[in-house]
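>>> Sequence first, predicted model second:
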Protein chains: 2
Amino acid sequence: MAGGAAAVLTSMEVLGLAPSAAATKLDFRAPRRSDFSLQGRANHTKVVVLGAGVAGLCTAYELEKAGYDVEVIEARERPGGRNWTVRRGTTETDLDGVTQRCRFDEGQYLNIGPARIAQHHTTLDYCRELGVPIEVFSSANTQAWYYNEASDTVGGALAGQRVRQQDLKVDAFGYVSELLAKAVNQGALDTELTADDKEAMIELLRSLGGLFPSETGGLEYFGTRHTYPADDEPGAGFQYGTPVDQIAMSDVLASRLGGYFELELYWDQAMQMYQPVGGMDRIPYAFEAALRHRPKYGAAVTEIASGPRDVTVTYRRRGRTRTATGDFCVCTIPPLILKDIPNDFGAQVNADLAAPEPVSIGKMGLQYGRRWWEEDEQIYGGSTYTNMEIGTIWYPSHGFFDPKGVLLGFYWSGDVAERWAALSPAEREARAVEQGSRIHGPVYRDELESSFSNFWQKTRYSEAGWVQFFDPPEPGTPYGRLLEPAGNVYFAGDHLSVVTAWQHGALESARLAVSRLHERVLAGG
Amino acid sequence: MAGGAAAVLTSMEVLGLAPSAAATKLDFRAPRRSDFSLQGRANHTKVVVLGAGVAGLCTAYELEKAGYDVEVIEARERPGGRNWTVRRGTTETDLDGVTQRCRFDEGQYLNIGPARIAQHHTTLDYCRELGVPIEVFSSANTQAWYYNEASDTVGGALAGQRVRQQDLKVDAFGYVSELLAKAVNQGALDTELTADDKEAMIELLRSLGGLFPSETGGLEYFGTRHTYPADDEPGAGFQYGTPVDQIAMSDVLASRLGGYFELELYWDQAMQMYQPVGGMDRIPYAFEAALRHRPKYGAAVTEIASGPRDVTVTYRRRGRTRTATGDFCVCTIPPLILKDIPNDFGAQVNADLAAPEPVSIGKMGLQYGRRWWEEDEQIYGGSTYTNMEIGTIWYPSHGFFDPKGVLLGFYWSGDVAERWAALSPAEREARAVEQGSRIHGPVYRDELESSFSNFWQKTRYSEAGWVQFFDPPEPGTPYGRLLEPAGNVYFAGDHLSVVTAWQHGALESARLAVSRLHERVLAGG
């Protein structure tokens, strides 16, 4: 979902908190029927899987490959959990009792949970295996805007002005290169650089910054690579176009817009990314279709009893109390929810389940009757970044040229997400539109048709976007202990991975739980 | 097609050769039938359009909107000209008499001419107008590789080693940021930066470079944002992953790989770009379908006679000599070809047509029986850059997860393109495979199924990728004079735009010719 997890991991590494000695690589090997037949026996093991989110579905799918009898129990009426695509007719009542019904046109949708897949993530492997077609998620579109409002730190001529990312990037790299070239040529860094380094560095800076020799013999940035406004682009004949003005260095710096550059330098955010054709929920529906037994939907777990040889789960469904019993259970219910479900895991496990803190986060989709961002602003996908509360605006990466489209008009976490969650859906829409209008003008209000917003901390059965453990992911911490089964109950979910908040983490955690359970069963239970 | 045009324009601007006083914006208004009816008359004007490439098709399409009677004459047996998508069954005999027949599987293809559309280009406007669906062309994929062989300028530990673009980028920005922060903090740039600038610059560098405070109190780059190898990525439990090693600064610099960063900073190359779904030739075929009369294919012009009131074009078709006569002619035949066709344009026009120099360029498609770049290297689209003669490798931006795929295995111009064009198709394939194997290993040879290569300088009716005028695009130069009609013959094509080698230039040039012709007709011819 966001860069938080990658950032946390990075900091851990810098601080030496991720002990590489303890690191164990999960070289996943899917369980097979032959694992049992080679032992001269059949697999009569039954596993109850709690939750049909990405971790639960993957668990069930992989266990069934080896002939496990799997029963999936899910509180919601659909698969996917936080992998949720909002479409016409989607109806949700939040924990405050506020009901929204999505009024997007047929064929329009928004991935209101995870929306992007990095190409090195296990998520893509499952898309391939399950036959879910993918397309590019336009994460790297510098034709989109930067926009920072004036603040304690933001000032200069760009404050409150939108600027094409390409222009800011070109100017920022130009000035950085020009200054470093100056320092290098003045000998200010001679203790750091050999003569060969200096020569190669100057060459790099000339190229990166678009520097040219100045009249005084130095290297200078002249604003040579700017974009052109739509009404004055280079064309035929003598139409040379007039590039937009070079931004003064002080204004580039005072805008603080360069702070957005780093996003693409994180491993998990690296350009570019991918999405399933037709919506992120194509993944859970493909898992569901691949299962022998459809998950039991609308089944909210009320108790988990882990006996010495089996596990009995009690749940409420269609007004009745029922139970499911298996030799084992894989529980993917988020810890925030699970900690309030009566169980016999013991005091330590229950304390560990209560340890992580919830992260508040929300998204809002805005349907427009016309793709004005494509037609008027020549933006086909990508994200606009701003320091306003809406956080980002994402232009859809699919359906280019369609008559209509759904923007992501709010995506932010923490305090902001909590303040916005407290508003009514109509108030949220009004606020998002007011802020977006500062970037896009009246069209942002005038052509709006409908909206749908979701804040995970207000969403039943989730109550958070994801959770954060504050102790490091090591043996002996809550995270470390929850990797061990409570009797015959294994825990899984993105929270038990170091890639929290991404489907990759949920899938890898499912594979880890499956591997450990399967090893135990093969070893005789 | 390539960055050449943008680079030329940039240099022109720096040198002051693009006089902004002479710049005239073409605010295109498509001709309409009502332009005539408002004058109380009908449009009885006939126009012969020479060439069914992008410029010719656009000319015919726009003129027909206002009721012109248009006849299009095209030497090839297909529309598109250099906009050419190579598919199963595509057959071409080059000027040396060497015939290739494409053996790609059904559904596989390569855009062997233009392959990318910038989102601000007029090309996308026509895609919208003609109903040609587009998808993202993955131009910004840092999961692809950089690979430079050792040379006079390339050395260090990375020479002859592939490196993920993301890793090199992160390290290069890290070192550049670290060095500049050092210079700034040492006061080496105090004459350039105010105190506020310094503070904001340090903040930018910390973020861009991923710098952390060092033990000695400075800011240092620790290699904190590296990618992970596929077999040791962060996952579940204690699987922290082991990032790939930080590259020493001297090796980053000596590799000269940072020279590839600038590509995305050019306006025409800015990330990201687009392509029609199903092949670039969907554009010419959509133009063709929108025309009232199908172009006459297989019709090679042998003479153009521009009388005082009309134009007569003689051509050979199906073994017979025929003529077409119109009130006007729009000639989009490339100057290299046109200069050898007998005409009565006069000595100056013929000298001007002979002025531009041809640019040699070629591409090669390699079909593989398995998408090993996706499965083994987690690369979904994007380009690998190298200093070897193959220039770049492009991974297809469509058909992700398909069993097979076609790579672009060679794309280079100038001397290299001339040397490779002199080889047989089999020799080209062998050489491309040998070089690609240095990056990708034996799979590059072992899984190859077939190839198809094209060099425009050897391609009949083109004889060049594009042309370059060496005088600036000003009134009084060959370029400037060719913007004027020769009697009733107007010239158009990407060569008469300042955006040579892009479809945008061809379309804008067509619009300019159409506008001038239409104005003249409305004014009474």
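Now that the structure is in, tell me what you want to look at.
>>> Show me which residues of the stretch 351-500 of chain A sit near chain B.
By the rule CB under 8 Å from any CB of the partner chain, the part of the stretch 351-500 of chain A lying against chain B is A:374-375, A:378-382, A:397, A:400-401, A:473-475, A:480, A:483, A:492, A:496-499. C-beta coordinates here come from the backbone N, C-alpha and C atoms, glycine included.
>>> Can I take it that A:Gly187 is in a strand?
No - residue state for A:Gly187 (DSSP: H, G, I helix; E, B strand; the rest coil) corresponds to coil; a strand is not indicated.
>>> State the distance from it to B:Gln186.
In this view, A:Gly187 and B:Gln186 are 12 Å apart by CB to CB, to the nearest Å.
>>> low-confidence ranges in chain A?
In the predicted model, chain A carries pLDDT under 70 at residues A:1-26, A:525.
>>> what domains does the record give for it?
Dividing chain A into domains by automatic domain parsing, as the record does, gives the ranges A:35-80+A:283-356+A:469-522, A:85-143+A:272-280+A:359-458, A:163-255.
>>> out of those, which comes closest to B:Asp35?
In this view, those are compared for proximity to B:Asp35 by CB to CB, and domain A:163-255 is the closest at 20.7 Å.
>>> what's the first-to-last distance across the closest one?
One end of domain A:163-255 sits 10 Å from the other (CA to CA, to the nearest Å).
>>> so is A:Val136 in a helix, a strand, or just coil?
Taking three-state DSSP as the rule, one finds A:Val136 in the strand state.
>>> how many neighbours does the closest residue to it other than its chain neighbours have?
Once flanking residues are discounted, A:Val136 sits nearest to B:Val136: 3.9 Å by CB to CB, 6 or more residues apart in numbering or on different chains. Burial measure for B:Val136: 28 neighbouring residues, criterion other CB atoms under 10 Å in any protein chain shown.
>>> Specify the beta-bridge partners of B:Val136.
Beta-bridge pairing for B:Val136 (DSSP bridges): B:Tyr274.
>>> Ramachandran angles for A:Gln503?
Backbone geometry at A:Gln503, expressed as degrees, to the nearest 10, gives phi -60, psi -30.
>>> what about it, distance to B:Val136?
A:Gln503 sits 21 Å away from B:Val136, taking CB to CB as the criterion.
>>> same check, this time on A:Leu336
Distance of A:Leu336 to B:Val136, computed by CB to CB: 37 Å.
>>> Could you export the domains of chain A as JSON lines, including distance to B:Ile112?
Supplementary listing: the domains of chain A in JSON lines, determined by distance: least, CB to CB, whole Å:
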{"stretch": "domain A:35-80+A:283-356+A:469-522", "distance to B:Ile112": "35"}
{"stretch": "domain A:85-143+A:272-280+A:359-458", "distance to B:Ile112": "22"}
{"stretch": "domain A:163-255", "distance to B:Ile112": "25"}
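>>> and B:Ser462, which of those is closest to it?
Scanning these with CB to CB as the criterion, the closest one proves to be domain A:163-255, at 19.9 Å.
>>> what number of residues lie near A:Arg511?
Each residue near A:Arg511 was counted by other CB under 10 Å, and the total is 23.
>>> what's the distance between the host helix or strand of it and the middle of its chain?
Using DSSP states H and E, A:Arg511 falls within helix A:503-522. Relative to the mean C-alpha coordinate of its chain, helix A:503-522 is positioned 22 Å out (CA atoms, centre = their mean, to the nearest Å).
>>> wait, doesn't the residue nearest to A:Val136 sit right on A:Glu135?
Yes - under the contact definition of CB atoms under 8 Å, B:Val136 touches A:Glu135, with a separation of 7.3 Å.
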